[in-house]
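1. Just to be clear, the model below is a prediction. Sequence and coordinates:
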Amino acid sequence: MFVQQKTDNFKLLLNVSNVVLLVTTLAMLLSVLISYPYSEYFSLPIQIAAHISTIVIAAFLKISYVVRCLAQYQLGLEVR
């Protein structure tokens, strides 16, 4: 019973981390696009927010990847 519950928790953790990884990757792409190639189309406050959010989003992206690796390891899957 306990082992099944533990496995279910790590499967849920894997699914959640995959979704967060996808969302943070898209957010990172958007913030970089706003910060650099399309900066002339955005006001200065938005550009500043995009530059700051790039740093914050990168942290969340890294955390979601580490959590994904942890879930894969606990489920006995290949960690990549």
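-> Noted; the coordinates are in hand.
2. going forward, measure contacts between C-alpha atoms and count neighbours the same way
-> OK.
3. buried residues in the top helix by length along the chain?
-> The longest helix of the chain (DSSP state H) is helix 2-35. For helix 2-35, the buried set under the neighbour-count rule, 16 or more other Cα atoms under 10 Å, comprises 10-11, 13-14, 17-18, 20-21, 24-25, 27-28, 31-32, 34-35.
4. Tell me the gap between that helix and the middle of its chain.
-> How far helix 2-35 lies from its chain's middle: 6 Å, per Cα atoms, centre = their mean, to the nearest Å.
5. element containing residue 62, please.
-> Taking DSSP states H and E as the criterion, residue 62 maps to helix 44-74.
6. what angle sits between that helix and helix 2-35?
-> Per axes from the mean of the first three to the mean of the last three Cα atoms, to 10 degrees, the angle that helix 44-74 makes with helix 2-35 is 150 degrees.
7. Which positions in helix 44-74 come out as buried?
-> Result for helix 44-74 [16+ other Cα under 10 Å]: buried residues 47, 50-51, 53-54, 57, 60-61, 64-65, 67-72.
8. between the residues you listed, which is closest to residue 41?
-> Nearest to residue 41 out of those is residue 47 (Cα to Cα; 9.5 Å).
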